[in-house]
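Student: Only the shape, not the letters, is given here:
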DNA sequence: TCTCCATTCTTGGTCCAACAAATAGAAAAT
DNA sequence: ATTTTCTATTTGTTGGACCAAGAATGGAGA
């Protein structure tokens, strides 16, 4: 078994913040997680019923429920009526949802996110050029082709994101991909705004194609230029004028 | 007022997942957030009491409490006895905690995170060289100097992270900085492991100094080389042999 | 014996009532 | 005016109750 050192770090942080007073709910959260560890439960396995958990840990059912709400918010369990709480793999979704929870997205934030994307998508240039296989690039082509098929703005934005996601995934870095996906709602929204202003699927497809071709030619300079231009192209739709349209539509 | 489009996107996602059935708790969560918005409450302001919220939204106190647990897990409110729920700015902490919740950190993950850091810290080169002021670089010097002062491994790791955090912050990109900070527990842990293996504060300080000097000279090539070398230097401590020590210590 | 349906029983969802603990705010004493 | 004491309010926790939905059971019919 591989004990996770990160967990230790997280606990240390928690312990530092909460000296001695732990509420029954927090205690239950920890006890349930211990239970999961000790019994070696895996995704999909069911926890004991709320009443059983209460009896097991000497707590009232309402207390158990409050603890389960926290676990649910963390994406660790999913509660289905009559079935009970089952271990969930919705953790990433919970992170994404929480991440996007109270960030007010102003036009400035749009610019910020696009700047972030430029750093990322330009920064992975070397790795892609060195390691991407022909199959990888063919996959990019396939994803890119779907942009022309779809009609609705939402679908087009989704396809657009999928292309960039596929691009980022070529960096073969899970951390990077996870962080990039964290921004999916924002990025997709940026794309929606852009495509709502003007149907630009053809332009987008062309820009993507050029990017792929640069990768096929292993041309770093062209890739860096095209990515920057492509992301800046998207920026023109999220400038000052979109501040109103974003609120209205 | 600036309505936030990201919120709309998040809602759309939620709505798509939950067709019609919303539990009273979820409804409460949303209603409380509306209440905060409508009343223009800010960080530190207190919400109505649990009983008042229950009466206000036609819900039992336990239901209100379950909703508050969720808000608390999201870092949106902090509940203090007798005071009640006050709006909190712990949102980022909650994200960080949740992000680090169930990622098992294997040596492979160490490598992954270091690879992510290289992409980031190398990718911000251009922006730093173009925009960093002398004061910025002097600040880097100051942060770097603290590495030599501290003795404990934890403090040294913390200082080390602060230097890299300061470096990343020079990119002037909030999204990037937020994402980088998300990895703080992991990065710090990597640094701890490195420094535990051998006291390398002097080496670290020197490497940082060289990086700063490259920035002062606006030398992109030197910066890129030094950053890569510096991050790879850290990697030697988290190779295969640290797989055991990571589990044991 | 097998299938299908009605019943029953379990379980989560919600609410209420009650008590304990903590403490803010008022009241009283100095 | 300051300190102390007290009271009322609020959260923390528990147990119980009821409902609705779904799983499990068992029986009736083929």
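Tutor: Looks like it arrived, so ask away. The shown structure was predicted, so the numbers you read here are calculated from the model rather than taken from an experiment.
Student: near DNA strand D, which residues of chain A?
Tutor: Contacts of chain A with DNA strand D, taken as C-beta under 7 Å from any atom of the strand, map to A:23-25, A:54, A:58-63, A:66, A:81-83. Yep, even glycine has a C-beta here, placed from its N, CA and C like the rest.
Student: Turn those residues into TSV, columns for secondary structure.
Tutor: TSV is the format used below for the residues of chain A next to DNA strand D (DSSP: H, G, I helix; E, B strand; the rest coil):
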residue	secondary structure
A:23	coil
A:24	helix
A:25	helix
A:54	helix
A:58	coil
A:59	coil
A:60	coil
A:61	helix
A:62	helix
A:63	helix
A:66	helix
A:81	coil
A:82	coil
A:83	coil
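Student: Which members of the residues you listed are classed as buried?
Tutor: Neighbour-count burial (16 or more other C-beta atoms under 10 Å in any protein chain shown) applied to these gives A:24-25, A:54, A:59, A:63, A:66.
Student: So which of those residues is the closest to chain B?
Tutor: Closest to chain B out of those is residue A:66 (4.8 Å), distances taken as C-beta to the nearest C-beta.
Student: contacting residues around the closest one?
Tutor: A:25, A:28, B:65-66, B:69 (C-beta atoms under 8 Å, 6 or more residues apart in numbering or on different chains).
Student: wouldn't residue A:222 be in contact with residue A:212 here?
Tutor: No: using C-beta atoms under 8 Å, residue A:222 makes no contact with residue A:212, being 11.1 Å away.
Student: Settle it for me: which of those two has more neighbours?
Tutor: Between residue A:222 and residue A:212, residue A:212 has the larger neighbour count (other C-beta atoms under 10 Å in any protein chain shown), namely 21 against 16.
Student: burial count for the residue nearest to residue A:28 when sequence neighbours are not counted?
Tutor: Among residues not flanking residue A:28 along the chain, residue A:67 sits closest, at 3.7 Å (C-beta to C-beta, 6 or more residues apart in numbering or on different chains). For residue A:67, the number of neighbouring residues by other C-beta under 10 Å comes to 29.
Student: Tell me the helix or strand right after the helix or strand encompassing residue A:67.
Tutor: If you go by DSSP states H and E, residue A:67 is part of helix A:61-73. Downstream of helix A:61-73, the first helix or strand assigned by DSSP H and E is strand A:77-80.
Student: Given that next one, what are its sheet partners and their directions?
Tutor: strand A:84-87 (antiparallel) (DSSP bridges).
Student: Of all the residues in the strand it pairs with, which ones are buried?
Tutor: Buried residues in strand A:84-87, counted by 16+ other C-beta under 10 Å: A:84-85, A:87.
Student: if you average pLDDT over that strand, what comes out?
Tutor: Here strand A:84-87 scores 92 as its mean pLDDT.
Student: Buried residues of the helix or strand that comes right after that strand, list them for me.
Tutor: On the C-terminal side of strand A:84-87, the nearest following helix or strand under DSSP H and E is helix A:91-99. If you call a residue buried by 16+ other C-beta under 10 Å, then helix A:91-99 has these buried ones: A:91, A:94-99.
Student: Specify which member of the residues you listed is nearest to DNA strand D.
Tutor: Closest approach between the buried residues of helix A:91-99 and DNA strand D, by C-beta to the nearest atom of the strand: residue A:98, at 20.9 Å.
Student: looking at it, the closest one is touching residue B:95, isn't it?
Tutor: Yes: between residue A:98 and residue B:95 there is a contact at 5.5 Å, judged by C-beta under 8 Å.
Student: gap between residue A:168 and chain B?
Tutor: 10 Å (C-beta to the nearest C-beta, to the nearest Å).
Student: What helix or strand is that residue located in?
Tutor: Using DSSP H and E, the element containing residue A:168 is helix A:153-169.
Student: before we move on, what about residue A:116?
Tutor: With DSSP H and E as the test, residue A:116 turns up in helix A:107-123.
Student: and that helix, what's its mean pLDDT?
Tutor: On average, helix A:107-123 scores 88.
Student: so the residue nearest to residue A:28 sits right up against residue A:35, yeah?
Tutor: No: the criterion here is C-beta under 8 Å, and residue A:67 misses it with residue A:35 at 11.3 Å.
Student: Name the nearest residue to the residue of chain A found nearest chain B, ignoring sequence neighbours.
Tutor: Nearest to chain B in chain A, going by C-beta to the nearest C-beta, is residue A:123, at a distance of 3.0 Å. Of all residues not flanking residue A:123 in the chain, residue B:123 sits nearest, at 3.0 Å (C-beta to C-beta, 6+ apart).
Student: Is that neighbour in contact with residue A:119, as I believe?
Tutor: Yes: applying C-beta under 8 Å as the test, residue B:123 and residue A:119 come out as touching, 4.5 Å apart.
Student: Now do the one helix or strand residue A:213 maps to and helix A:153-169, the angle between them.
Tutor: Assigned by DSSP H and E, residue A:213 belongs to helix A:201-216. Relative orientation of helix A:201-216 versus helix A:153-169 (axes from the mean of the first three to the mean of the last three C-alpha atoms, to 10 degrees): 10 degrees.
Student: Packing partners of helix A:201-216?
Tutor: helix A:134-149, helix A:153-169, helix A:220-235 (3 or more C-beta pairs under 8 Å, 6 or more residues apart in numbering or on different chains; DSSP states H and E).
Student: which residues touch residue A:84?
Tutor: Contacts of residue A:84 (C-beta under 8 Å, 6+ apart): A:46-50.
Student: could you list every residue that touches the residue nearest to residue A:28?
Tutor: Residue A:67 sits next to A:25-26, A:28-29, A:32, A:59 when contact means C-beta under 8 Å, 6+ apart.
Student: 6 Å instead, please
Tutor: Residue A:67 makes contacts with A:25, A:28-29, as judged by C-beta atoms under 6 Å, 6 or more residues apart in numbering or on different chains.
Student: Closest one to residue A:157 out of the residues you listed, please.
Tutor: Taking C-beta to C-beta as the measure, residue A:29 is the one of the contacts of residue A:67 closest to residue A:157, at 37.2 Å.
Student: Any idea how many residues pack against the closest one?
Tutor: The burial count for residue A:29: 22, using other C-beta under 10 Å.
Student: was I right about it contacting residue A:70?
Tutor: Yes: the pair residue A:29 and residue A:70 qualifies as a contact (C-beta atoms under 6 Å) at a distance of 5.3 Å.
Student: just to revisit the earlier point, among the contacts of residue A:84, name the buried ones.
Tutor: A:47-48, A:50.
Student: Among those residues, which ones are in helices?
Tutor: residue A:50 (DSSP state H).
Student: Tabulate the buried ones among the contacts of residue A:84 in a markdown table, adding columns for pLDDT.
Tutor: Formatted as a markdown table, these follow (pLDDT from 0 to 100):
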| residue | pLDDT |
| --- | --- |
| A:47 | 94 |
| A:48 | 94 |
| A:50 | 95 |
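Student: Put together a markdown table for the buried ones among the contacts of residue A:84, with distance to residue A:153 on each row.
Tutor: Listed next are the buried ones among the contacts of residue A:84 as a markdown table, based on distance: C-beta to C-beta, whole Å:
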| residue | distance to residue A:153 |
| --- | --- |
| A:47 | 41 |
| A:48 | 46 |
| A:50 | 43 |
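Student: The buried ones among the contacts of residue A:84: which ones sit near DNA strand C?
Tutor: By C-beta under 7 Å from any atom of the strand, the members of the buried ones among the contacts of residue A:84 lying near DNA strand C are residue A:50.
Student: Right, I'll call it a day here.
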